[in-house]
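[1] Below are the sequence and a predicted model; questions follow.
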Amino acid sequence: MNLPEIVDQTRAYYCLDCGICTGSCPVSRVTPEFSPRLMVEKVLMDEEENPLEDVNIWSCLSCGQCSSRCPSKIDYPEFVRMVREEAVRQGKGGVPAHRGLFQTIMRLQTLDIKQSKTDWAREAGRISESGDTYYFVGCSPFFDVEFQTDWNLDVMDGPRGVLKLLNTMGIEPVIHDDERCCGHDLLWNGDKENFARLAERNVKLIKSLGCKRVVFHCPEGYLTFKKYYPEVLGDLGIEIVHFYELLAAEVKSGAISFAPSDGVLTYHDPCRLGRQAGIIEQPRDLIQAIPGIEFKEMQHNRENGICCGTSAWMGCSSCSKAIQKNRLAEAVATGADTLVTACPKCRLHLSCALRDMDIELKIRDINDLLAQTLKI
């Protein structure tokens with residue numbers, strides 16, 4: 001898609017030059033030279049400088065804060081995503097984080113490779129070979145290999161918690177070794193071709209197992225299946241459900257309850273789950289269903305929550321670290337001793353920044369928290 005077509009599809013020609021997008025952007029707050037408004041303007045004005053060469057197209061976090069406040073309803077994240085696709089098509093690209101490790105893993109998964117991704121599940125709970133409900137675990141097993149030793153982070157405690165809670169709800173989900181990355185990061189890295197390959201593999205696998213619905217705990221996986229898979233595959237013919245929708249209903253009915261605990265907790269809204277998928281109150285309701293917990297909101301919460309500072313394993317920079325440290329400072333200002341989040345990547349990114357800060361704060365996965373306090 002060329003630039004005029006991108007401008008047309010994302011309504012960028014309606015830009016009022018008001019600057020609300022730039023004023024709302026977490027990147028612009030710590031990197032003044034970054035401006036969504038100016039980037040749109042550059043494309044609209046057809047300046048001699050090629051917008052596809054602009055390094056700033058890779059700095060956007062696609063958090064959607066700008067679009068949620070834009071009076072002209074310009075979809076800036078989609079604008080950036082499409083510009084990235086065009087840039088990649090012309091042989092240009094951004095700078096991946098972690099030496100491109102995760103992009104390599106994602107692209108390998110488009111091939112006929114054998115994986116071993118379910119051993120943890122058989123140790124943690126009960127799973128099925130086929131059935132109505134598929135639990136899409138996502139990339140946590142890969143993150144665990146990369147980060148557990150160096151950062152002392154058990155990334156799999158989240159999926160283990162989800163499985164324990166699903167089993168308590170009477171669900172023995174299907175989990176499969178052949179599951180691939182959902183493709184979220186490749187999509188936002190401008191590699192739509194390999195994104196489509198991953199999408200096709202995942203949907204074909206899930207349907208072959210006889211599953212009628214897919215449950216997600218990962219915000220990116222949930223949003224990618226729900227919003228972007230139909231763009232390349234059409235109607236999926238399977239129900240897309242977020243885990244908290246199921247769990248919140250069980251807690252509300254009294255079928256599941258939690259044992260008393262203590263501590264002061266605050267909650268970080270993942271952009272994909274909160275602002276973009278609209279799952280905002282369920283995580284809060286679940287945390288506050290634990291007796292004895294004191295819950296505090298950060299200054300920026302719900303739709304106004306601030307991004308964790310890095311997206312799609314691309315361009316982790318001093319800007320990312322500044323955003324993350326500001327976010328952690330917000331958490332500390334609430335008086336909380338624990339920051340809870342519902343996204344494996346938010347947890348990783350914020351934990352990375354925490355290593356360089358001299359503050360007393362724990363960062364915890366919400367699924368692990370709920371599973372550990374489950375009343376049996």
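    Thanks, I have it.

[2] From D17, how far off is C343?
    Using CB to CB, to the nearest Å, we find C343 at a distance of 33 Å from D17. For every residue, glycine as well, the C-beta is placed using N, CA and C.

[3] Comparing the two, which shows the higher neighbour count?
    Each of C343 and D17 has its neighbours counted (other CB atoms under 10 Å); C343 has more, 24 against 10.

[4] can you pull the contacts of the more buried one?
    Residues in contact with C343, defined by CB atoms under 8 Å, 6 or more residues apart in numbering, are C218, P219, E220, P270, R272, L273, C308.

[5] swap the cut-off to 7 Å and go again
    P219, P270, L273 (CB atoms under 7 Å, 6 or more residues apart in numbering).

[6] repeat for H217
    G158, P159, V162, F243, N367.

[7] Which pLDDT value goes with it?
    For H217, the model assigns a pLDDT of 98.

[8] gap between it and G100?
    For H217, the distance to G100 equals 26 Å [CB to CB].

[9] and if you look at A342?
    From A342 to G100 the distance is 27 Å (CB to CB).

[10] So for those two, which residue has more residues nearby?
    Higher neighbour count among A342 and G100: A342, with 28 against 14, using other CB under 10 Å.

[11] Once you drop chain neighbours, what's closest to that one?
    Excluding the flanking residues, the one nearest A342 by CB to CB, 6 or more residues apart in numbering is I366, at 4.7 Å.

[12] unless I'm mixing things up, the one you found is touching P283, no?
    Yes: proximity of I366 to P283 meets the contact threshold set by CB atoms under 7 Å, at 5.9 Å.

[13] Overlap in contacts, the two.
    A342.

[14] Show me the shaky parts of the chain.
    Where the chain drops to pLDDT under 70, the residues are 46-48.

[15] middle-most residue in it, spatially?
    E220 (3.7 Å; CA atoms, centre = their mean).

[16] In contact with that one: list those residues for me.
    C182, H184, R272.

[17] ok, 6 Å please
    Remark: with contacts taken as CB atoms under 6 Å, 6 or more residues apart in numbering, E220 is in contact with H184, R272.

[18] for L233, same thing?
    By CB under 6 Å, 6+ apart, the neighbours of L233 are A199, V203.

[19] can you give me phi and psi for it?
    phi -120, psi -10 (degrees, to the nearest 10).

[20] Distance check, it against I280.
    If you go by CB to CB, the gap between L233 and I280 works out to 28 Å.

[21] go on, M156?
    Distance from M156 to I280, by CB to CB: 26 Å.

[22] the more surrounded of those two?
    Set side by side, M156 and I280 show more neighbours around M156, with 21 against 17, by other CB under 10 Å.

[23] Go ahead and confirm the more buried one touches D144.
    Yes: shown here, M156 and D144 form a contact pair, counting by CB atoms under 6 Å, at 4.9 Å.

[24] The residue nearest to V137 when sequence neighbours are not counted: which element?
    With CB to CB, 6+ apart as the criterion, V137 has its nearest non-adjacent residue at 5.2 Å, and that residue is P159. Per DSSP states H and E: P159 is located in helix 157-168.

[25] Following element in sequence after that helix, please.
    helix 184-188.

[26] And the contacts of that following helix?
    S62, M106, N194, F195, E220, T224, A312, W313.

[27] Three-state assignment for I240, please.
    strand (DSSP: H, G, I helix; E, B strand; the rest coil).

[28] Look up which residues are beta-bridged to it.
    V214 (DSSP bridges).

[29] Could you give the number of residues near it?
    19.

[30] go on, G254?
    Neighbour number of G254 under other CB under 10 Å is 7.

[31] can you give me the strands in the stretch 1-150 of the chain?
    133-136 (DSSP state E, counting those that start in this stretch).

[32] Can you show me the helices along it?
    3-9, 20-24, 26-30, 36-45, 65-69, 76-89, 101-108, 119-124, 140-151 (DSSP state H, counting those that start in this stretch).

[33] What helices and strands are in contact with the last one?
    Contact partners of helix 140-151 among helices and strands, from 3 or more CB pairs under 6 Å, 6 or more residues apart in numbering; DSSP states H and E: none.

[34] try the fourth one
    Helix 36-45 is packed against helix 20-24, with contacts defined by 3+ CB pairs under 6 Å, 6+ apart.

[35] So for stretch 223-237, what gets flagged as buried?
    Using 16 or more other CB atoms under 10 Å as the test for burial, stretch 223-237 gives L223, T224, F225, K226, Y228, Y229, V232, L233, L236.

[36] which one of these sits closest to V137?
    Taking CB to CB as the measure, F225 is the one of the buried residues of stretch 223-237 closest to V137, at 13.1 Å.

[37] Give the closest residue to the closest one in space, chain neighbours not counted.
    Closest to F225 by CB to CB, 6+ apart is I240, at 5.0 Å.

[38] what sits against that neighbour?
    V214, F225, K226.

[39] What distance do you get for the second one to C307?
    The reference is to F225. 21 Å.

[40] from memory the residue nearest to A342 sits against V340, does it?
    Yes: taking CB under 6 Å as the definition, I366 is a contact partner of V340 at 5.0 Å.

[41] helix/strand/coil for L246?
    helix.

[42] count of residues packed around it?
    18.

[43] Tell me the spacing between it and P173.
    If you go by CB to CB, the gap between L246 and P173 works out to 11 Å.

[44] Lovely, talk soon.
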